[in-house]
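Colleague: Next come a sequence and a model predicted from it.
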Amino acid sequence: MTAGAAPRLSRNSTYLLAILTIVWFLAYLDRKIIALLVSDLKRDLLLTDVQASLLQGVAFAVLFVVAGLPIGKLVDRYNRRNLMIFGVLLWSVATVLCGFATSYESLFAARMFVGLGEACLAPAAASMVADSFVIARRGRAMGTMLMGGAVGTAASAFLAGAVMARFPNGIGGFSDWQLTFIIAGAGGALVAPLLLTIAEPPRAEQGFDGDVARPGILSVLRDNWRVLVPLYIGFVANMVATFGTSAWIPTMLMRDYDMTAARVGIILGTLLLAMGVVSPILGGWASDFAARRNGPSGRLRLAGMAFALQLGLGAATVMLRGLDATLAVLAINSVVSSCLAASALVVLQESGPPQVRGQSVAIYLVATNVIGMGLGPLLVALLTDRVFADETMVRESVAATLAFTGALGLAMMVVALASRVRPAASVQPEPA
């Protein structure tokens, strides 16, 4: 290969990335399908806004968090593909069981097991991508995989809107929202077998022979806490905004513009589908470009600019109230979130040795789901119920959340950059 030329992708790595993108799609379809069902769930199960937010966030996060670090250790030691197959089957069955729920408690329990199944995905998938792509292409690879999640989120709006429009009164004794859960969960029967067609990639173990103890995640955190702590805080702040806004934007549109759930599903689904294809790939490309241009600190500088823009989007959400302007703000926020998400998965894995990749991502996911998924939807609901005390002011709650997380994330990126981030010495060097 000519010096300086970008390494070519192998067919195996390209195919693996395609399958992981499909699995990521299914995960977010099943995770996000509940967002458009809030109104019907509140009606049938007599829920408050806070209870609805707990179903979207805390219920999903409980077992996800408890199992996160043990799963990260399994990822670093055992077959990652088989772990993902188990996860797909578990979260798909649990999503179907959501459709059989007849009470708040039973739906909460089913959502817990959706979270447990999905806890297997990101540590395993991110580790496999890191072992299949060189550093120069990891941002784009991660962005492509994240595209599956963005398209899955859009598909959840389409699916929920379509089912509720086609079966407004339900069918066969099941309500429209129950049918939506069952149909979404059935996709696991199609996706799980696809994972059997990919091979477990060789692990990057350079720099450690069999006679040397493997580095532990606690020692990595202890040695690099000045960099890793602000990174985790900043990137998790982005997920607070992502989960909080995505959980309540459908309700915001319905309340602000007196729309039906079916109409919101079509409008929001179209927007999320368009941006879901473009944003993650653009975010991954921008992350790689920033790294090539500015070295190890490039991805962090890009993240800082993205957080600054997120802060501005909070103000724009309040000032620009027309439907078209609101949708434009949501589209820009999609690009911002994708840049941050792609940068997070790459930066965190490049800030430690390859032997703890699964655990480093697991810590990020645990924090994401305790704070991001758990607090994000709840923060918006609490602002609406307790601060503004007006359910028509969901927009103001969403705007405040974006402004707060943007400011916090920007501050954390400045702290990380001040620590002069450099790749850990034990990280696998990029091939020539």
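Modeller: Everything's here; your move. Predicted model only: the values in this text are computed from it and were never measured.

Colleague: When you work out contacts or count neighbours from here on, use the C-alpha atoms and nothing else.
Modeller: Noted.

Colleague: Buried residues, stretch 309-324. List them.
Modeller: Buried residues in stretch 309-324, counted by 16 or more other Cα atoms under 10 Å: 309-314, 316-317.

Colleague: out of the residues you listed, who's nearest residue 286?
Modeller: Nearest to residue 286 among those: residue 309, at 15.0 Å, using Cα to Cα.

Colleague: what's the helix or strand containing the closest one in contact with?
Modeller: Secondary structure assignment for residue 309, by DSSP states H and E: helix 298-319. Contacts with helix 298-319, where a contact means Cα atoms under 8 Å, 6 or more residues apart in numbering, come from 238, 286-288, 290-292, 326, 329, 333, 336-337, 339-340, 343, 347, 395-396, 398-407, 409-410, 413-414, 416-417.

Colleague: for it, the distance to its chain's centre please.
Modeller: Chain-centre distance of helix 298-319: 18 Å, with Cα atoms, centre = their mean, to the nearest Å.

Colleague: pLDDT on that helix, on average?
Modeller: The average pLDDT for helix 298-319 rounds to 91.

Colleague: Can you give the distance of stretch 244-261 from its chain's centre?
Modeller: Its chain's C-alpha centre and that of stretch 244-261 lie 20 Å apart, by Cα atoms, centre = their mean.

Colleague: just the CA coordinates of the helix holding residue 309, formatted as CSV?
Modeller: Taking Å, rounded to 0.1, in the frame of the first residue of the first chain, the C-alpha atoms of helix 298-319 are listed here in CSV:
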residue,chain,number,x,y,z
GLY,A,298,-9.7,17.2,16.8
ARG,A,299,-12.7,15.1,17.8
LEU,A,300,-12.9,17.0,21.0
ARG,A,301,-12.8,20.4,19.3
LEU,A,302,-15.6,19.2,17.0
ALA,A,303,-17.6,18.1,20.1
GLY,A,304,-17.1,21.5,21.8
MET,A,305,-18.5,23.2,18.7
ALA,A,306,-21.4,20.8,18.6
PHE,A,307,-22.3,21.5,22.2
ALA,A,308,-22.1,25.3,21.6
LEU,A,309,-24.6,24.8,18.8
GLN,A,310,-26.8,22.7,21.0
LEU,A,311,-26.9,25.6,23.5
GLY,A,312,-28.1,27.9,20.7
LEU,A,313,-30.7,25.4,19.6
GLY,A,314,-32.3,25.7,23.1
ALA,A,315,-32.9,29.4,22.5
ALA,A,316,-34.1,28.8,19.0
THR,A,317,-36.7,26.2,20.1
VAL,A,318,-38.4,28.9,22.2
MET,A,319,-38.2,31.7,19.7
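
Colleague: Give the next helix or strand downstream of that helix.
Modeller: Downstream of helix 298-319, the next assigned helix or strand under DSSP H and E is helix 323-350.

Colleague: May I see the buried residues of that next one?
Modeller: 326-327, 329-331, 333-350.

Colleague: Now do it against helix 298-319, angle only.
Modeller: 160 degrees (axes from the mean of the first three to the mean of the last three Cα atoms, to 10 degrees).

Colleague: Which strands or helices does helix 323-350 pack on?
Modeller: The criterion is 3 or more Cα pairs under 8 Å, 6 or more residues apart in numbering; DSSP states H and E, and the helices and strands that helix 323-350 contacts are helix 135-166, helix 225-257, helix 261-294, helix 298-319, helix 357-367.

Colleague: The second one: how far from the chain's middle?
Modeller: Here helix 225-257 shows a centroid-to-chain-centroid distance of 10 Å under the convention Cα atoms, centre = their mean.

Colleague: Now do it against helix 261-294, angle only.
Modeller: Going by the same axes, to 10 degrees, helix 225-257 makes 150 degrees with helix 261-294.

Colleague: Do me a favour and average the pLDDT over helix 225-257.
Modeller: Here the average pLDDT along helix 225-257 is 87.

Colleague: hang on, the earlier thing: could you save the helices and strands packed on helix 323-350 as TSV and add columns showing distance to residue 71?
Modeller: Shown next, in TSV, are the helices and strands packed on helix 323-350 (distance: least, Cα to Cα, whole Å):
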stretch	distance to residue 71
helix 135-166	20
helix 225-257	19
helix 261-294	26
helix 298-319	27
helix 357-367	8
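
Colleague: Can you say which of these is nearest to residue 19?
Modeller: Nearest to residue 19, of all those, is helix 135-166, at 9.0 Å by Cα to Cα.

Colleague: residues in contact with stretch 43-59?
Modeller: 32, 34-35, 38, 41-42, 102-104, 107-109, 111-112, 115, 243, 247, 369-370, 373-378, 381-382, 385.

Colleague: Over to stretch 394-406?
Modeller: Applying Cα under 8 Å, 6+ apart, the contact partners of stretch 394-406 are 237-238, 240-241, 244-245, 248-249, 251-252, 307-318, 379-381, 383-384.
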